[in-house]
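Engineer: sequence isn't available, so here's the structure alone:
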């Protein structure tokens, strides 16, 4: 009897310690499996471990985040930001900018280096303003920086541009022959992007074979019907030709694509803003394709859950929501502007902005997670 009691007590202690350790590490494998979804979880979703803030500043909203390892071995982030006093809608304003941050390691801390692009830098600031949504890539021995900019006062109608540099620290110049403009809606009334309600935005980039692809989001007649397509060129700086049809079959709104190749497959990361594609509000979708030219929901997996699935306990969450003035764009904690840092050919870290400041701050900050790509997702 005493022996049985000792074994039961030992099992209880072990179970308790295991539970506490799981809550502490929050790699989410047990959490996310409990949630019913329309598609399976990827290995990165099940193994992701929250590390902490990547870019954060009490005086600025930090939102978009795009990481890359430079030739110097350091980790560089190009992110969008705007003055905190302007609130969340400041991303569309004249003071929004794209900034460069650097760290000796992927986990951070990241330090501000310089502002790469602001409204006053545009050749035509009356027609181009509020640079946002940067994507940094290294191709053909050059660094390219994709971004979006506003084109109509009072409306979120955007085009996609590109800057280019020989070195990660610049100097940067506008690419192509149209002051950096790479992608805009078609002027053909029969084309699927014609009159796009949100323009052509949320870009990603990939070189496939000898051709260059800029992935972008567009569509009519409403934002929620938008899908991804691509613009293709024979030369890095264009001109780029729009695809004749969308290349994603999402049934509801997605955005924020990042493109990468590993394991001889092409991948897109996008948000699932309303959860109708994946079955969970605010999930990140990991699309995969053998060609990079079409992506199907049938082949997709859940790339990540929300920040609350990886950070804190239920008590931590309760305490956060009780803090006055904490930043809360989405109480779900959904992640946006997803990006992976590829090291040695494999995704190793995940970065994103979040609808919550988990530290209780009054503005947005971005976060970094360690992920295990494993043998593929």
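Structural biologist: It's in. Treat the numbers as computed from the prediction; the structure is a model and nothing was measured. Numbers count the residues shown, from 1 in each chain.
Engineer: what's around residue 170, how many residues?
Structural biologist: Using other CB atoms under 10 Å, residue 170 has 15 neighbouring residues. Every C-beta, even on glycine, is put in place using the N, C-alpha and C of the backbone.
Engineer: now for it: which residues touch it?
Structural biologist: 114, 116 (CB atoms under 8 Å, 6 or more residues apart in numbering).
Engineer: and it, helix, strand or coil?
Structural biologist: What DSSP: H, G, I helix; E, B strand; the rest coil gives for residue 170 is coil.
Engineer: and for residue 211, the neighbour number?
Structural biologist: By other CB under 10 Å, the residues close to residue 211 number 12.
Engineer: now do the strand or helix carrying residue 63: which elements does it pack against?
Structural biologist: Using DSSP states H and E, residue 63 falls within strand 60-69. Judged by 3 or more CB pairs under 8 Å, 6 or more residues apart in numbering; DSSP states H and E, the packing partners of strand 60-69 are strand 75-83, strand 129-139, strand 335-343, strand 346-354, strand 366-370.
Engineer: so which of the ones you listed gets nearest residue 39?
Structural biologist: strand 335-343 (15.9 Å; CB to CB).
Engineer: surely residue 310 is in contact with residue 49?
Structural biologist: Yes - counting by CB atoms under 8 Å, residue 49 is a contact partner of residue 310 at 7.1 Å.
Engineer: quick one: which of those two has more around it?
Structural biologist: The neighbour comparison of residue 310 against residue 49 (other CB under 10 Å) goes to residue 310, with 25 against 15.
Engineer: may I have the beta-bridge partners of the residue nearest to the more buried one when sequence neighbours are not counted?
Structural biologist: Distances taken as CB to CB, 6 or more residues apart in numbering place residue 50 nearest to residue 310, at 4.1 Å, with adjacent residues excluded. Judged by DSSP bridges, the bridge partners of residue 50 are residue 369.
Engineer: let me see the contact set for residue 50.
Structural biologist: 26, 307, 310, 311, 367, 369.
Engineer: what's the spacing between the fifth one and residue 255?
Structural biologist: Here residue 367 is placed at a distance of 18 Å from residue 255 (CB to CB, to the nearest Å).
Engineer: between these two, tell me which one has more neighbours.
Structural biologist: Remark: of residue 367 and residue 255, residue 367 carries more neighbours, 25 against 18, as counted by other CB under 10 Å.
Engineer: okay, now the unreliable bits of the stretch 101-250 of the chain?
Structural biologist: The stretch 101-250 of the chain contains no residues with pLDDT under 70.
Engineer: ok now stretch 199-212, how far from the chain's centre?
Structural biologist: Put simply, stretch 199-212 sits 15 Å off its chain's centre (CA atoms, centre = their mean, to the nearest Å).
Engineer: what's the end-to-end length of that stretch?
Structural biologist: By CA to CA, to the nearest Å, the extent of stretch 199-212 from end to end equals 21 Å.
Engineer: mind listing what's buried in that stretch?
Structural biologist: Using 16 or more other CB atoms under 10 Å as the test for burial, stretch 199-212 gives 199, 200, 201, 202, 203, 204, 205, 206, 212.
Engineer: so what's residue 207 bridging to?
Structural biologist: residue 212.
Engineer: check the one 10 residues further on too.
Structural biologist: Beta bridges link residue 217 to residue 201, residue 228 when assigned by DSSP bridges.
Engineer: which residues sit in contact with it?
Structural biologist: 198, 200, 201, 202, 226, 227, 228, 229, 254, 255, 257.
Engineer: confidence score at the last one?
Structural biologist: We note a pLDDT of 98 for residue 257 in this prediction.
Engineer: pretty sure it is touching residue 201, no?
Structural biologist: No - the pair residue 257 and residue 201 does not pass the contact test of CB under 8 Å, sitting 10.0 Å apart.
Engineer: between the helices and strands packed on strand 60-69, which gets nearest to residue 322?
Structural biologist: The closest of these to residue 322 is strand 346-354. By CB to CB, the value is 18.3 Å.
Engineer: what comes up buried for that closest one?
Structural biologist: Using 16+ other CB under 10 Å as the test for burial, strand 346-354 gives 346, 347, 348, 349, 350, 351, 352, 353, 354.
Engineer: helices or strands next to that strand in the packing?
Structural biologist: Identification of packing neighbours for strand 346-354 by 3+ CB pairs under 8 Å, 6+ apart yields strand 60-69, strand 254-262, strand 335-343, strand 366-370.
Engineer: okay if I get these as JSON lines plus distance to residue 132?
Structural biologist: Output for these, formatted as JSON lines (distance: least, CB to CB, whole Å):
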{"stretch": "strand 60-69", "distance to residue 132": "6"}
{"stretch": "strand 254-262", "distance to residue 132": "11"}
{"stretch": "strand 335-343", "distance to residue 132": "10"}
{"stretch": "strand 366-370", "distance to residue 132": "14"}
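Engineer: what's the closest of those strands to residue 111?
Structural biologist: strand 60-69 (12.9 Å).
Engineer: helices of this protein, start to end?
Structural biologist: In the chain, the helices defined using DSSP state H lie at 2-25, 29-33, 43-47, 314-322.
Engineer: which stretch in the ones you listed has the least confidence?
Structural biologist: Across those, the lowest-scoring stretch is helix 2-25, with a mean of 35.
Engineer: on that earlier part again, so what are the sheet partners of the strand holding residue 63 and their directions?
Structural biologist: Checking strand 60-69 against DSSP bridges gives partners strand 75-83 (antiparallel).
Engineer: now the strand it pairs with and strand 366-370, what's the angle there?
Structural biologist: Orientation check (axes from the mean of the first three to the mean of the last three CA atoms, to 10 degrees): strand 75-83 against strand 366-370 gives 150 degrees.
Engineer: centre of the chain to strand 75-83, how far?
Structural biologist: How far strand 75-83 lies from its chain's middle: 12 Å, per CA atoms, centre = their mean.
Engineer: may I see the buried residues of that strand?
Structural biologist: Across strand 75-83, burial judged by 16+ other CB under 10 Å covers 75, 76, 77, 78, 79, 80, 81, 82.
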